[in-house]
Structures are given as structure tokens and as C-alpha cells.
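1. Predicted coordinates and the sequence they were generated for:
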Amino acid sequence: MDLFDPLVLARIQFAFTVSFHIIFPAFSIGLASYLAVLNGLGLWTGRSVFVDLFNYWKKIFAVAFGMGVVSGIVMSYQFGTNWSVFSDKVGPVLGPLMGYEVLSAFFLEAGFLGVMLFGRERVGPKLHFLATLMVAFGTFFSAFWILSVNSWMQTPAGYAINANGQFIATDWWAVVFNPSFPYRLVHMVLAAYLTTAFVVGAVGALHLLRDRSNQAARIMFSMAMWMAAIVAPIQIVAGDFHGLNTLEHQPAKVMAMEGHYDSHPDGAPLILFGIPNSAEKRIDYAIQIPKLSSLILKHDLNAPLAGLDTIPVDKQPPVAIVFWSFRIMIAIGFAMLGLGIWSLWLRYRGRLYDTPWMHRAAILLGPSGFIAVLAGWITTEVGRQPYTVYGLLTTAQSASPIAAAAVGASLIAFIVVYFALFGAGTFYILRLMNKPPHPHEPGLDPDEPIRAGGIMPAPAMDAAGALQPAE
């Protein structure tokens, strides 16, 4: 791989920016729903602890949501710079879908976000709850459109190609609800919920280690562990269905995920671990279970499975990256399941809040959702190679004819700005999480700036308008 090739640099740049971006929506989608649940429970039960938790997490949501919006806007510019040919070819199909995302989901989020953050005392608890529901629905709707766009690139449907070589829609229902979209939407939304649950669980566990009597910390930890115990097994089942759909429509991706360089006419093994050897087309030091892959993918121990030896070399995805990213995602999924089962056992024994090793494990798995989401996206996107539109438009055909120096300069600028801006934002979020939730947690006031310890008092003024020292 030539690192000074403009195509390689453009791919690295897009991978870098999308990796930063996906972290924030994965968190904000789940956190918006969690805020809606907290707000609803506060309205239903009348318990102030739910309002305190709502005020605690909405500050974190506001920062994460802002960083997600900024990183998404910046990322989209690359379609007009590094990938202008791709934009020209697929714009008639994907352009309207991305426009719908802005006109529906983003406007819905933006319209109600201010009410959710600042409006409880202004509009009353019921309208405030409605605003929170609208923000949660908006984040889900945003995921709906973006995943429809990406899924169409994976499994294109409902299109024709005109005389100019552009994709045009012939059936918008088929475009939006393309063959992989339902599976990918469920898989991604569940991943977002699990990502948020394990962050909330880690924060709750941290404050339980410091003070087991903190009621708000106990509630957030309990809710997170219920989410882990219920959603993790559902996610594993959803992932299995998604895998079967991928086998049907993108068999080369599954071959790379499984590490099957060779076809297996009488049952394929499940390779647990190994080192992909692309030069020799084999998995070195493989630890495998005979015929289990056929059982999982075909529900038959002896079902034949084709390998990469049936795919032309120039149409094969990079095996090593896909092989390992898939295993990282699966390993984290089962670790989440294990923590959820452990929490059920401790809950049954009445020791959920006084088992420090459980709390330490929850803190350790706090960032696991982000890692799993990144690993899943790497599996999806690298496994699609060498195509941008699967089977129809290659990555090489999609890139803009620009010099390597221009792409390299913008890549360096992105790296510097992203690490400075989002590093500071992440540090601020961690400071907010480090502060324990407490009774009468202050909310946000549009006239008062936020600080990590709560609300920074606004400076007082005398009758003449002169600033006075804050008490």
C-alpha cells in the first residue's frame, strides 16, 4: 500500500473522520432515549431522584450532541472534495435521503432540544416530557435515514443507471427499505442502547465504589444492568440474523469475517482465533471448531460453504482487518452478556450494590460499547471493499482526481483539529461524569454557563450595571 497515493490518503481521511463521528451518535441515540425514560419516570412516580438524574445526564448529552453535529457536518464536506465522483454518481439516489434526514430528523431534534435542555420551568413537566420524547425520536429518525443511505450502498435496490452513468431511483420504497436495511437498523440502534447503558453503568459503578448509599448512583447502575441483561442477548440474536442476511447479499464479506480462504464442501469450521496469512491464503495457528460455521450460517453441520477461492483476487476485501474487527465485536458482545448475567445473579442475591468487583468490571466495560461500534463499522465498511456501491461502483472509481499533497494536508489538519477539539470535549464530559449525582441536581439555564461542578453562578450587577463579585 502506497501511503502517498491520493486514493489511500482519501480513504484514511474518511475512515478517521467517520470513526470520530460514529462515537457521538452511538452515545446520543441511546442517551436521548434514556433521558426520555428518566423524564417519564419522574413525571409518573413524582420521585425527585429521576429529575436529578435527568438533570445530571442532560448536561452530558448536550456536549455529546454538539460534538456529534460538528463532526457530522465536517465529515459530509468530504463528499464534495475527496469523493466528488461518488457524489455525482449516487447523488440522485442518496442526496434526497440525506436531505430527508436534515429536514425531518435534524430539524425535529433542533426544534425541541432547547425546550428539553432549558424549558422545564417554562413549559411545565408534561410539555417538557413531550419535548424530550421528540428529541429521542429525532435521534432515532436520524439513524433511520443514515442507515438507509449506508445500507443502500451495501445492498443497492430500486435503481437504474442513466446514460451519464448516474444511479437514479426507480422505486423509492425499495431504495429506502433495501434488503439489508431492517437488519442493520435494529443492530445499530441496539448497539447504541448498549453503548449508553454501559457508560451509565460505569458512572453508576464509580460512584457506588465511593458511596454505596448514593440513591441516584444505585438507580442508574440498576437501570444500566437491566439494559445489559435484556438487550445484550437480543443483540446477539439480531447480529446472527444480520450475518445471515450478509451471507445472502455479500458473501465475500462473510468469507473474510470467517477467515475462509478455501471452500468447504462438507462443512466449514468456526475459526475462533488465528493469524490471517494473505500471501499464502490461509489462517496460521488457527484454533477452530469443526463444522460449527456451517451450523451457524446454514443451520446444518455438513452444509457446504464457499470460500474466497471462488472470488477474483481483485474483488476480495482485506481479510486481516475484517477478520480481527469482527472478533473484537463478538468478544465484547459476549463480555456484555456475561456482565448482564452476573448482574442478574447479584440482584437475585440482593448484592448488586455492594459487590466491588462487579462495579470494577462495569467500569472496565464502560467504553466497550464504543469499541464494539467501531469494530462493527470497520467490519461493515472494510468488508464491502473494493466497492463503495457493492458490486457496481468501486472505491477507485469514486475518488476525486486531486493531488496527494492536497489530501495529505487536509488529513493532517483534521487530525490536529479533531484531537484538540474532541479531546477537550471528551475531557469535559469525563469531568462531568466524575462529579457524583446528588439531590436537587441543578439543571441548565440559558443565562448561566456550565462548568464541570454544576452551574457557574452568573455575576451580579449593581443598580448602575457594574459587575459585582459572585458570592
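-> In hand now; what should we look at?

2. Report the contact partners of L272.
-> L272 sits next to I287, Q288, I289, R327 when contact means Cβ atoms under 8 Å, 6 or more residues apart in numbering. Backbone N, C-alpha and C define where each C-beta goes, glycine included.

3. 7 Å instead?
-> I287, Q288, I289 (Cβ atoms under 7 Å, 6 or more residues apart in numbering).

4. Just the buried residues of the residues you listed.
-> Neighbour counting by 16 or more other Cβ atoms under 10 Å classes Q288 among the contacts of L272 as buried.

5. for the protein, which spans come out with low pLDDT?
-> Counting by pLDDT under 70, the chain contains low-confidence ranges at 1-3, 440-471.

6. Can you give the distance of stretch 402-419 from its chain's centre?
-> Centroid separation for stretch 402-419 versus its chain: 24 Å, with Cα atoms, centre = their mean, to the nearest Å.

7. Could you give me the buried positions within that stretch?
-> Under 16+ other Cβ under 10 Å, the buried positions of stretch 402-419 are A404, V407, G408, S410, L411, F414, Y418.

8. picking that back up, quick one: which of the contacts of L272 is nearest G259?
-> Q288 (8.8 Å; Cβ to Cβ).

9. Do I have it right that that closest one meets L270?
-> Yes: look at Q288 against L270 with Cβ atoms under 7 Å: they come within range, at 6.1 Å.

10. Output the contacting helices and strands for the longest helix seen in the chain.
-> When the chain is parsed with DSSP state H, its longest helix is helix 6-45. Judged by 3 or more Cβ pairs under 7 Å, 6 or more residues apart in numbering; DSSP states H and E, helix 6-45 is in contact with helix 48-76, helix 78-81, helix 125-154, helix 181-210, helix 368-383, helix 404-434.

11. between the first one and helix 404-434, how big is the angle?
-> When you say that, I think you mean helix 48-76. Per axes from the mean of the first three to the mean of the last three Cα atoms, to 10 degrees, the angle that helix 48-76 makes with helix 404-434 is 180 degrees.

12. Can you name every helix or strand that helix 48-76 contacts?
-> helix 6-45, helix 215-249, helix 404-434.

13. Kindly calculate the angle that that helix makes with helix 181-210.
-> 130 degrees.

14. Give me the distance from helix 48-76 to the chain's centre.
-> 15 Å.

15. cool, the longest one as well?
-> Its chain's C-alpha centre and that of helix 404-434 lie 18 Å apart, by Cα atoms, centre = their mean.

16. between it and helix 6-45, how many degrees?
-> Using the same axes, to 10 degrees: helix 404-434 against helix 6-45 is 20 degrees.

17. residue boundaries of the helices in the stretch 251-400 of the chain?
-> 251-258, 292-298, 319-349, 356-364, 368-383, 395-398 (DSSP state H, counting those that start in this stretch).

18. quick revisit: how about the helices and strands packed on helix 6-45, which one is nearest L337?
-> Closest among the helices and strands packed on helix 6-45, using Cβ to Cβ: helix 181-210, at 10.1 Å.

19. hmm, back to that, pick out whichever of the buried residues of stretch 402-419 sits closest to M67.
-> Nearest member of the buried residues of stretch 402-419 to M67, counting by Cβ to Cβ, is Y418, at 10.1 Å.

20. before we move on, the earlier item: export the contacts of L272 to TSV and append columns for distance to D52.
-> Converted to TSV, those look like this (distance: Cβ to Cβ, whole Å):
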residue	distance to D52
I287	49
Q288	51
I289	49
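
21. Strands - which of the contacts of L272 land there?
-> Judged by DSSP state E, strands contain the following of these: I287, Q288, I289.

22. circling back: switch the helices and strands packed on helix 48-76 over to TSV; also include distance to P96.
-> Compiled in TSV, the helices and strands packed on helix 48-76 are given as follows (distance: least, Cβ to Cβ, whole Å):
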stretch	distance to P96
helix 6-45	21
helix 215-249	23
helix 404-434	28
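
23. Nearest to F137 among those helices would be which one?
-> Of the helices and strands packed on helix 48-76, nearest to F137 by Cβ to Cβ is helix 6-45, at 8.5 Å.

24. Pop the domain breakdown of this protein in here.
-> Domain segmentation of the chain under automatic domain parsing yields 10-178+403-455, 194-399.

25. before we move on, the earlier item: highest mean neighbour count out of the helices and strands packed on helix 48-76?
-> When you average the neighbours per residue for each of the helices and strands packed on helix 48-76 (mean count of other Cβ atoms under 10 Å), helix 6-45 leads with a mean of 21.

26. the inter-axis angle of that one versus helix 215-249?
-> 130 degrees.

27. I'd like to check the angle between helix 6-45 and helix 125-154, please.
-> Using the same axes, to 10 degrees: helix 6-45 against helix 125-154 is 150 degrees.

28. distance between helix 6-45 and the chain's centre?
-> On Cα atoms, centre = their mean, the centre of helix 6-45 falls 5 Å from the chain's centre.

29. Same check on stretch 139-146?
-> 12 Å.

30. That one: which residues count as buried?
-> T139, F140, F141, S142, A143, F144, W145, I146.

31. R47: neighbour count?
-> 13 (other Cβ atoms under 10 Å).

32. Repeat that for S213.
-> 8.

33. where's it, which helix or strand?
-> Assigned by DSSP states H and E, S213 falls within no helix or strand.
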